[in-house]
Structures are given as structure tokens and as C-alpha cells.
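**Q** no letters, just coordinates:
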């Protein structure tokens, strides 16, 4: 069966003075994406669709160069809106993310609710797949939070951080286009062999 991939951007340059959606890839993040772009799975992609955040676009551009296809940018694929709090240092962010997933119908200090973010990312993915040629491998490049929400939906599970990627970004999960069944759990982009 032809596959779809959901790919999270790898490491970013953290800058508290820059809005999070405008952060770009760090040197390590760029290196990981470039390594992934040389692998057979990346070269087989016939379509690459990206969130409109800088870090996702940069990741998608690198993968698209390896696959020889253009990228498409979709607004509804952005990360959960956390602008109400702005930048949070890592320990505070992790505690906030725990609350975001644990209380999906509540807003953490003005953040987009997890239930709303899940509805948005599922709708964006389904809209892009509605007219997609099912014989063409496709990758969606985005973010860990909404990627986890999407994976929970595809697995028909309640929203939970237990489905989150381990070790930060730069991971993917595979799903079948025919029935949206997750057929490979989060795996680092530069080590996945397409099996």
C-alpha cells in the first residue's frame, strides 16, 4: 500500500526574542534533514506538504530537493497556538505541554485547546488527501504537538502525551493512505529505512 508520512521538524535555533513560528532550523537540525533527504524513502516522495512555520518549511525544502518535487504550504498545519504565553524556558514548557495534553478541552493560560488543535490538523490533512492520487507517496511536514494529536486520531485513541515523539523533533510516523492506519511509530528521520 502507498504510504503517507507525518514528519516533525528537527532541532531549531531557539531565540526568545523571535516569535516561535519564525524560528529556523539549527545547524544540527539542518544536518539531520539533509541526511534524511539522501535516503530512499525521501527520494520516493511524490508530494511534500508543509506547515507555514519557518522550521517546517526549511525541513520540507531540504526533503523536496532530495525528492525533486516542489513543496506545498498549508496554513492549517501550524503547531498549537501558544502565543498567549510567548516563549517558555524548557522546564516550564514541558510542564505546560503536559497540561495541554492532559486537559484537552481546557486552555492552558490562553493556549489553543488540544481538542481544537486536533480538529484543525485532522481537517487540514484530510482536505489535502481528498484529491490526492493514492498511488503517490506523500509527506506532511509539521510539528510534534499537532503531529501527536493527529496520531492519536489515526489510532482512535484519546488525546494523550503517551503518543508523543521521544527525544524532541526530527521524527516521522507512517500511515497507510487507504485507511489512515499508523504502520510505523515515531522514528528518527535520518535512521528510518522505509520498512
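**A** Sure, I can see it. Keep in mind the model is a prediction, meaning the values are calculated, not measured. Residues are numbered from 1 along each chain as shown.

**Q** now do the SS call for the nearest residue to residue 153 once chain neighbours are set aside.
**A** Leaving out its chain neighbours, the residue that sits closest to residue 153 by CB to CB, 6 or more residues apart in numbering is residue 122, at 5.2 Å. For glycine as for every other residue, the C-beta is placed from the backbone atoms N, C-alpha and C. The local conformation at residue 122, judged by DSSP: H, G, I helix; E, B strand; the rest coil, is helix.

**Q** just checking, residue 122 touches residue 152?
**A** No: using CB atoms under 8 Å, residue 122 is not in contact with residue 152, being 9.8 Å away.

**Q** who's more crowded, those two?
**A** residue 152 (23 against 18; other CB atoms under 10 Å).

**Q** helix, strand or coil for that one?
**A** Going by three-state DSSP: residue 152 is helix.

**Q** can you pull the contacts of it?
**A** In this structure, residue 152 makes contact with 118, 158, 159, 160, 163, judged by CB atoms under 8 Å, 6 or more residues apart in numbering.

**Q** what does the helix or strand that contains residue 58 rub up against?
**A** Using DSSP states H and E, residue 58 maps to helix 54-67. Here helix 54-67 makes contact (CB under 8 Å, 6+ apart) with 7, 9-10, 12, 21-25, 29-30, 33-34, 36-38, 42-46, 48-51, 70-71, 73, 77, 139, 141-143.
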